[in-house]
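A.B. asks: need a structure here:
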Amino acid sequence: MKNQIKTLLLLVLFLSFQASFAQKKKTQTKSKPKKEKSQPSEDIIVQGEPNVYVTEEPPMIMEAPPQSIQGDGNYSRYPTEKINDQTVWFYDKYSSNSGYKYGIKKKGQVLLPMLFERNNYTNVSDNNSFPIGIGNNYGLYNIDKETWEIPMTYYSLRHIGNDIFLARTKSNDYGLLSRENKVLIPFEWGDISTINGADNYFILQDKKTSLKGIYNLISGKFVIPCDYKYIETLDNSNYYKVNNEKGYNIVTIDNKPKFKNWYTELNTVYNSKNFIVKKDDKMGIIDENENIILPLEYKSISSSAYNDGSFLAVNKEGKYGCVLITGKISLPFEYDQINYNYSNNLKTIKNNKCGLIQINSGSPYEIVTCEYDNIDIDNETFIVKKNNLFGMLDSFGKVITPCEYSSINKVLNKGNYSKNYIYIAQKNKKYILLDKSGQQITENSFSRISPVPYINTSGYYESEARFSYLTYQNNNKNGLLDMLGQEVLETKYTDILGETNNNLLVKLNGKVGIYNLLTKKETIPCIYDQIVLDKSGTYGVMGSTIFSIVDINDNSKSVKL
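C.D. replies: Here you go, the predicted model:
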């Protein structure tokens, strides 16, 4: 019995050695590795096996990235998004400079590594295939079959519904593919676009002529030939706005023109069956049957309406007014000019005088007659000019400050999104501050008031045309006011050059220093020719010597550069 056990053990050892030797020989029957010049090694020739080399050190094998990257929800470095019960997307949330790169895990194991960009706007019919790509190489990958249904050969690939894919080649040709990678529309078009609400109809653009038409995928024919420079689908209809050398028209899906005339302009209006048109340099409004709603005699009609539905227009006499798409005149044509803008308040001009019109939910109406030399449009308060003097109106056109000032200028608070502002007004060579209601907020008047420039040292965008403080000068005294008109500081300085974080850049006897408003101390004495405040640091300049001011609250820490 003992002899049998010994024999069995010897047999197992022999077979194990033979298998190990065979594996070693298999891995080393490759081409002889090149010797490194810096570290020559001596090869050992195995007797009886010609051309088989064994190196003293095995070749280095580069290991692949881990195949099981952990990711659980949004709390790990590799968040996941569920595809189905077995499969998830995963990505590295710390590598998003050029957009996330995605991978796919199936049953906890990596199916595709994090190399791919996603283009998944519309799901395929069984929700198991996705257009993904590396760089500009897109294809369609099936996570169930673990195969590429469409290979990664396209510059772009987008699922547009019904398992149809819009693809673009590297030579910039467009075509349509089925999910089975069958070409539905050949790759010979300059562009292909879908038509909302019309499945299997597509707008195709001829690559050579750039003309467009509409193609029916089911019949394999053009229902509207490629004869048009422009095709636009009209909302809630089967009509299409087109343009060719004749002009603009509306055509049916079988290319029949709706109007007898072709127009040089044809503007549609949302939720209306009327159209603003232009022919022979005259404009008007027609309905869907080409009946005249507003005579084609106007010099211009705007293509976009104000929020009450009025369109700014100029009649044949050159007078400005407003009309509705129904043809009704909503503002009489009696103005020499109306300045178009996106505000609800419009400046009017008549006989070289300015007035105001306000737009609301009804018809535009005049809130200020044309009696001013100029009006600066604003949201809440208007600065007006009359007989070379300035005043203010509120948003309803009511006078809140009579025209008795030689100048009025608006000053914005420092905060980028702040709606706080005040006005510097001059009268009889003296300056005061007014609030937005036109009331004086300074107790005294001054011989000078000017905003203290805001110095942006954050590195982020902040408007430097906004301010926190204003300097004043009166009776040879210089001081500081805040944006509420309150006196903050009476100073000995000849000028205040700027402010940042309550630190004032001040000037005295031709030299510059820094004064801190909170500590009420001159933290940097006025010894520099210049002081530069920047996100990279603070620097003081004396002649050609530059100092790095490490701490603006302690000049002793300045370092000569």
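
A.B. asks: Low-confidence bits of the chain, can you list those?
C.D. replies: Residue ranges of the chain with pLDDT under 70: 1-75, 96-98, 120-121, 341-342, 361, 414-419, 458-466, 550.

A.B. asks: Regarding it, what is its longest strand?
C.D. replies: strand 183-194 (DSSP state E).

A.B. asks: helices and strands around it, which ones?
C.D. replies: Packing partners of strand 183-194 (3 or more CB pairs under 8 Å, 6 or more residues apart in numbering; DSSP states H and E): strand 164-168, strand 174-178, strand 201-206. For glycine as for every other residue, the C-beta is placed from the backbone atoms N, C-alpha and C.

A.B. asks: Include distance to residue 448 and mean neighbour count when you put those into CSV, please.
C.D. replies: CSV is the format used below for the helices and strands packed on strand 183-194 (distance: least, CB to CB, whole Å; neighbours: other CB atoms under 10 Å):
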stretch, distance to residue 448, mean neighbour count
strand 164-168, 64, 23
strand 174-178, 66, 20
strand 201-206, 64, 20
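
A.B. asks: Just put these in TSV and tack on distance to residue 222.
C.D. replies: Shown next, in TSV, are the helices and strands packed on strand 183-194 (distance: least, CB to CB, whole Å):
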stretch	distance to residue 222
strand 164-168	18
strand 174-178	14
strand 201-206	8
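
A.B. asks: So which bits of stretch 287-299 are buried?
C.D. replies: 293, 294, 296, 298 (16 or more other CB atoms under 10 Å).

A.B. asks: State the number of residues packed around the closest residue to residue 271 other than its chain neighbours.
C.D. replies: In this structure, residue 271 finds its nearest non-sequential neighbour in residue 235, 7.9 Å apart by CB to CB, 6 or more residues apart in numbering. Using other CB atoms under 10 Å, residue 235 has 12 other residues around it.

A.B. asks: How about the one 5 residues further on?
C.D. replies: In terms of burial, residue 240 registers 22 neighbours under the definition other CB under 10 Å.

A.B. asks: Just confirm residue 526 contacts residue 504, I think it does.
C.D. replies: No - using CB atoms under 8 Å, residue 526 is not in contact with residue 504; the gap is 11.4 Å.

A.B. asks: if you count what's nearby, which of those two comes out ahead?
C.D. replies: Neighbours were counted for residue 526 and for residue 504 using other CB under 10 Å; residue 504 has more, 24 against 19.

A.B. asks: That one: what's its closest spatial neighbour, skipping adjacent residues?
C.D. replies: Nearest to residue 504 is residue 515, by CB to CB, 6+ apart, at 4.5 Å.

A.B. asks: Going along the chain, name the strands of the stretch 451-561 of the chain.
C.D. replies: Here the stretch 451-561 of the chain has its strands, by DSSP state E, counting those that start in this stretch, at 469-474, 477-482, 487-491, 495-500, 503-508, 511-516, 521-528, 530-534, 537-542, 545-551, 554-560.

A.B. asks: mind putting those in TSV, distance to residue 400 included?
C.D. replies: Shown next, in TSV, are the strands of the stretch 451-561 of the chain (distance: least, CB to CB, whole Å):
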stretch	distance to residue 400
strand 469-474	21
strand 477-482	22
strand 487-491	25
strand 495-500	30
strand 503-508	33
strand 511-516	37
strand 521-528	41
strand 530-534	39
strand 537-542	44
strand 545-551	47
strand 554-560	48
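
A.B. asks: Surely residue 206 and residue 226 touch.
C.D. replies: Yes - counting by CB under 8 Å, residue 226 is a contact partner of residue 206 at 4.6 Å.

A.B. asks: can you give me the helices for the stretch 351-500 of the chain?
C.D. replies: Assigned by DSSP state H, counting those that start in this stretch, the helices in the stretch 351-500 of the chain number zero.

A.B. asks: Pairing partners for the residue lying closest to residue 561 once chain neighbours are set aside in the sheet, please.
C.D. replies: Distances taken as CB to CB, 6+ apart place residue 546 nearest to residue 561, at 4.8 Å, with adjacent residues excluded. With DSSP bridges as the criterion, residue 546 is bridged to residue 541.

A.B. asks: for residue 101, phi and psi?
C.D. replies: Backbone geometry at residue 101, expressed as degrees, to the nearest 10, gives phi -110, psi 130.

A.B. asks: Spit out the contact partners of it.
C.D. replies: By CB atoms under 8 Å, 6 or more residues apart in numbering, the contact list for residue 101 reads 91, 92, 95, 114, 115, 116, 117.

A.B. asks: quick one: the first one and residue 77 touch, right?
C.D. replies: I take that to be residue 91. No - the criterion here is CB under 8 Å, and residue 91 misses it with residue 77 at 9.6 Å.

A.B. asks: between these two, which one's more packed in?
C.D. replies: residue 91 (21 against 13).

A.B. asks: I'd like to know how far that one sits from residue 99.
C.D. replies: Applying CB to CB, to the nearest Å, the value for residue 91 to residue 99 is 10 Å.

A.B. asks: Compute the number of surrounding residues for the residue nearest to residue 504.
C.D. replies: Residue 515 has 25 nearby residues by other CB under 10 Å.

A.B. asks: what pairs with it across the strands?
C.D. replies: The partner residues for residue 515, given DSSP bridges, come to residue 504, residue 522.

A.B. asks: Tell me the spacing between it and residue 492.
C.D. replies: 10 Å.

A.B. asks: just residue 554 next, same as before
C.D. replies: Distance from residue 554 to residue 492, by CB to CB: 22 Å.

A.B. asks: From residue 113, how far out is residue 468?
C.D. replies: The value you get for residue 468 to residue 113, if CB to CB is used, is 53 Å.

A.B. asks: Please say which of those two ends up with more neighbours.
C.D. replies: residue 468 (19 against 15).

A.B. asks: What are the neighbouring residues in contact with that one?
C.D. replies: By CB under 8 Å, 6+ apart, the neighbours of residue 468 are 413, 414, 452, 454, 482, 483, 499.

A.B. asks: PyMOL command to pick out the buried ones of those residues?
C.D. replies: Buried members of the contacts of residue 468 can be picked out in PyMOL with the line below, counting by 16+ other CB under 10 Å:
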select buried, resi 414+452+454+483+499
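
A.B. asks: possible to save the contacts of residue 468 as CSV with distance to residue 381?
C.D. replies: Shown next, in CSV, are those (distance: CB to CB, whole Å):
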residue, distance to residue 381
413, 15
414, 20
452, 23
454, 23
482, 20
483, 16
499, 26
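
A.B. asks: Name the nearest of the contacts of residue 468 relative to residue 146.
C.D. replies: Closest approach between the contacts of residue 468 and residue 146, by CB to CB: residue 414, at 58.9 Å.

A.B. asks: three-state assignment of residue 209?
C.D. replies: Recorded secondary structure, residue 209: coil (DSSP: H, G, I helix; E, B strand; the rest coil).

A.B. asks: Just give the closest residue to it, not the sequence neighbours.
C.D. replies: Leaving out its chain neighbours, the residue that sits closest to residue 209 by CB to CB, 6+ apart is residue 226, at 7.0 Å.

A.B. asks: Which strand or helix spans residue 196?
C.D. replies: Assessed by DSSP states H and E, residue 196 sits outside every helix and strand.

A.B. asks: now it: how far from residue 203?
C.D. replies: 11 Å.

A.B. asks: hmm, back to that, what touches both of residue 206 and residue 226?
C.D. replies: Counting by CB under 8 Å, 6+ apart, the shared contacts of residue 206 and residue 226 are 212, 213.

A.B. asks: Spatially, what comes nearest to residue 303 if we skip its sequence neighbours?
C.D. replies: residue 267 (4.4 Å).

A.B. asks: how close does that neighbour sit to residue 312?
C.D. replies: Distance, residue 267 to residue 312, by CB to CB: 13 Å.

A.B. asks: Could you do residue 142 as well?
C.D. replies: On the measure of CB to CB, residue 142 and residue 312 end up 56 Å apart.

A.B. asks: So for these two, which sits in the more crowded spot?
C.D. replies: residue 312 (20 against 16).

A.B. asks: Which strand or helix spans the more buried one?
C.D. replies: Using DSSP H and E, residue 312 falls in strand 311-314.

A.B. asks: try residue 116
C.D. replies: Using DSSP H and E, residue 116 falls in strand 109-118.
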